[in-house]
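here is my input; please provide its structure:
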Amino acid sequence: MLISLYVLRLHFGPFLFGTLTVMFLFLLQFLMNNLDKLIGKGLDNAIILQVIMLSLSWMIVLAIPMGVLFSTLMAFGSMSGAHETTIIKSGGRSLYRMMFPLIIIGAGLFYGVYWFNDSILPESNHRFKILMQDIQRKKPTFAIESGRFVSQLEGYTILARKVDTLSGALYGVTIYDNGYTNRTNVLSADTGSIKFSSDYSRVIVTLRNGEVHQLQKQKRTDFRMMRFSKHVISIAARDFLFQQSDVNPGSRGDREMSIADMRSIVQETDISLNVTQKRIDTLLNEHYGEVVQARLPGDSADATMTPIRERVLTEQEIHKRVLNRLSVLRSPLESDLFQANEQQKKKKAYLVEIYKKYSIPAACLVFVFIGCPLGVLSKRGNFGISAAISLLFYVVFWACLIGGEKLADRDLISAEIGGWFGIYVTGAIGLALTFIVNNELSVKDLWQKIRRA
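Numbering: from 1, shown residues only. Now for the predicted structure:
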């Protein structure tokens, strides 16, 4: 019992450190890729914080298995370096017994991550997608800068040669009104001001001491100029005020669904496949009967009495009739076969995602069987080696997971193998390493045992 508690205590700190470090790296990458979409649009800090919190959900699912691998490498590496594993083995405890509490913890993490992956992550991904769509629709904060053209208002281009940042007054204002199809209006004024209406639905531009130059596009000689002391323009301002959409309506992708939702889609796809298959069978049976009837008239005895020329002409007519029947059959048959193929692809894609819902959390348990023996073999518990080995096996796991998904999508392997392929590969490596280290075998000894078996 004391040994188990001691092993768990050694893992607690490295597990938290490894998990938080991986989450920090994922978060840093996310901010680098999406910071330009969040900054400069006048979003409240609460909205930006909500985006970050929603993105943390998928980071947690990916970081916890990495934390397990890193902590087992660190803990057993330090124990091996201090010869503690040797002492424990001399007391009659095997590597399996030392790993037992970690296997229990790994199984618990597997269930916890699976529950989070199936219950929390889909809703979080859906809310994140809707929120990012709302942010992309929102236009950047409207602001006038000295000497720069502003074209964020639909149909208008505004130029202010000087802007008083304290009072907001504009000097030397020129506005190009392109909202008319038959004429162009150019407004110029000595001074002006600009502000939003109370509901942010319109932009109110007030100009003082200026002119309106109006030019007809069809008739260039028709030019008008009007002077004004005060002129007010009301411009529609859409998407400047951030509005969040309802998260309930709208279609969801496979990563925004729970396992139950995806299984229901698979069942619906099976029903559609059965209907399509029955329609194909009906088409083939109906047209097959018509084609069979297109034969030489009369029985074999009558056929022998028919002149050769008449028989040849009759066979040519029958050949044309068969081709006509097949051409009528071809179009609906190709349509049904294409539909069945697409339904089969859709079913397989959802099945792969269902199995991935299980396989990614299962890495929490599988990595225990990789990290513990590798930690013993490395005989070091430093950060550099543990991080390098963790990264290596994590890359192998994800490469196998993505590769299995691609192979399943191309119908080269089944959906089950594709979804679990990463676990199959890393699990086999982990079990082999655990067996070798527990029995203190060399590669040569292991090869001899395999040959004897």
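
only C-alpha atoms for contact and neighbour calcs from this point on.
Noted.

neighbours of residue 82, how many?
Residue 82: 14 surrounding residues under other C-alpha atoms under 10 Å.

do the same with the one 4 residues further on
The tally of other residues near residue 86 (other C-alpha under 10 Å) stands at 16.

that one in helix, strand or coil?
Following DSSP: H, G, I helix; E, B strand; the rest coil, residue 86 is assigned to helix.

find the nearest non-adjacent residue to it, please.
Spatial nearest neighbour of residue 86, chain neighbours left out: residue 80 (7.3 Å); criterion: C-alpha to C-alpha, 6 or more residues apart in numbering.

can you check the pLDDT for the one you found?
At residue 80 the predicted local confidence, pLDDT, stands at 82.

residues contacting the strand or helix carrying residue 432, please?
Element membership for residue 432, per DSSP states H and E: helix 415-438. Here helix 415-438 makes contact (C-alpha atoms under 8 Å, 6 or more residues apart in numbering) with 94-96, 348-349, 351-356, 359, 362-363, 366-370, 372-374, 376-377, 393, 396-401, 403-409, 442, 446.

give me the subset of these lying in helices.
95-96, 348-349, 351-356, 359, 362-363, 366-370, 372-374, 376-377, 393, 396-401, 403-409, 446 (DSSP state H).

give me the number of residues near the residue nearest to residue 86?
Applying other C-alpha under 10 Å, we find 21 residues neighbouring residue 80.

next up, the contacts around it.
86, 375-380.

in CSV, list those along with distance to residue 164 and pLDDT.
Output for these, formatted as CSV (distance: C-alpha to C-alpha, whole Å; pLDDT from 0 to 100):
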residue, distance to residue 164, pLDDT
86, 77, 81
375, 66, 85
376, 70, 85
377, 70, 84
378, 67, 79
379, 68, 72
380, 65, 66
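
in a markdown table, list those along with distance to residue 74.
Listed next are the contacts of residue 80 as a markdown table, based on distance: C-alpha to C-alpha, whole Å:
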| residue | distance to residue 74 |
| --- | --- |
| 86 | 17 |
| 375 | 7 |
| 376 | 10 |
| 377 | 12 |
| 378 | 10 |
| 379 | 10 |
| 380 | 8 |
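
I'd guess residue 191 is in a strand, am I close?
Yes: counting by three-state DSSP, residue 191 is part of a strand.

does it touch residue 164 like I think?
No: between residue 191 and residue 164 there is no contact under C-alpha atoms under 8 Å: 10.8 Å.

shared neighbours, these two?
residue 170.

does residue 231 count as helix, strand or coil?
On the three-state scheme (three-state DSSP), residue 231 is labelled strand.

that one and residue 354, how far apart?
Residue 231 sits 63 Å away from residue 354, going by C-alpha to C-alpha, to the nearest Å.

which parts of this structure are helices?
2-38, 45-81, 84-90, 95-115, 121-137, 259-293, 300-305, 308-378, 383-409, 415-438, 443-452.

now the fourth one, how far from the chain's geometric center?
Just to be clear, that refers to helix 95-115. Helix 95-115 sits 29 Å away from the centroid of its parent chain (C-alpha atoms, centre = their mean, to the nearest Å).

how is this protein carved up into domains?
2-138+353-452, 149-236 (automatic domain parsing).

least confident of the ones you listed, on average?
Ranked by mean pLDDT, these bottom out at domain 149-236, which scores a mean of 82.

now for that domain, what's the gap between its first and last residues?
Taking C-alpha to C-alpha, the first and last residues of domain 149-236 lie 18 Å apart.

cool, stretch 213-228 as well?
Start-to-end span of stretch 213-228 (C-alpha to C-alpha) is 11 Å.

could we number from 53 for the rest of this?
Got it, first residue is 53 now, which makes that one stretch 265-280.

distance between that stretch and the chain's centre?
Per C-alpha atoms, centre = their mean, the displacement of stretch 265-280 from the mean C-alpha position of its chain is 54 Å.

in it, what counts as buried?
Judged by neighbour count (16 or more other C-alpha atoms under 10 Å), stretch 265-280 contains these buried residues: 266-268.

go ahead and flag the most central residue of the protein.
By C-alpha atoms, centre = their mean, the mean C-alpha position of the chain lies nearest to residue 307, the distance being 6.7 Å.
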